[in-house]
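Undergrad: Pasted the sequence and its predicted model underneath.
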Amino acid sequence: MESGFAAVWERVTGDLPAKDEQAKLRRWIEDEAHSIRAYEALLRTGLPRAAQETLRQILSEKRIRLKRLQTVVFLRTGDIHVVSLPEEPKPPTLLRSLRSRYAAELAQAESFRRAVSGGSDLREICAELAEGNRLTAERLRSLAERLL
């Protein structure tokens with residue numbers, strides 16, 4: 001009975017066991033690394049100059065977010081979580097890729113937003129990361145609108 005109560009209490013308070021938070025942090029790091037790889041692939045395609053500038057800025061911000069998450073893991077565990085990804089194939093089309101990245105940014109923002117309700121040291125970082133992903137999605141929407 002006690003363990004059932006503990007599980008319900010964790011859901012109500014938003015407090016995750018340390019093991020679950022570590023797994024979530026590692027998943028977020030992998031998501032950011034995949035995003036970085038996708039933006040790098042997009043930049044290798046023939047894009048208009050304005051689109052290149054927007055994507056370079058997004059890529060720079062994604063790298064900063066990845067570093068922030070890696071720092072949290074390091075401070076908590078002493079481990080450096082580096083993700084090694086295989087080279088991604090060329091994106092199918094620019095607009096399809098922008099659509100895919102838009103959906104991924106919104107999903108990442110929502111994941112960070114859900115973590116904000118917890119009482120851990122992740123609250124502030126997750127709030128910032130959620131807003132960053134939301135703004136990135138907005139910029140991708142605007143870019144797609146200009147390219148259509």
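TA: Cool, the structure landed.

Undergrad: Show me what the longest helix belonging to the chain packs onto, helices and strands only.
TA: As assigned by DSSP state H, the longest helix anywhere in the chain is helix 49-77. Where contact means 3 or more CB pairs under 8 Å, 6 or more residues apart in numbering; DSSP states H and E, helix 49-77 is packed against helix 18-43, helix 122-147. Every C-beta, even on glycine, is put in place using the N, C-alpha and C of the backbone.

Undergrad: what's the following helix or strand after that helix?
TA: helix 94-116 (DSSP states H and E).

Undergrad: From Gly46, how far off is Lys67?
TA: 30 Å (CB to CB, to the nearest Å).

Undergrad: out of those two, which sits in the busier spot?
TA: Lys67 (11 against 7; other CB atoms under 10 Å).

Undergrad: can you pull the contacts of the more buried one?
TA: Taking CB atoms under 8 Å, 6 or more residues apart in numbering as the contact definition, Lys67 lies against nothing.

Undergrad: which sections of this structure are below the confidence cut-off?
TA: Along the chain, the parts satisfying pLDDT under 70 run over 1-18, 88-92, 117-120.

Undergrad: The same query, at a cut-off of 50, please.
TA: Along the chain, the model assigns pLDDT under 50 to residues 1-2, 5-16.

Undergrad: The residue lying closest to Arg99 once chain neighbours are set aside: what's it in contact with?
TA: Nearest residue to Arg99 in three dimensions, chain neighbours excluded: Ala144, at 6.9 Å (CB to CB, 6 or more residues apart in numbering). By CB under 8 Å, 6+ apart, the contact set of Ala144 is Leu95, Leu98, Arg99, Tyr102.

Undergrad: and with 7 Å instead?
TA: Leu95, Leu98, Arg99 (CB atoms under 7 Å, 6 or more residues apart in numbering).

Undergrad: Would you check how far apart the last one and Glu124 are?
TA: Yep, that's Arg99 we're talking about. 31 Å.
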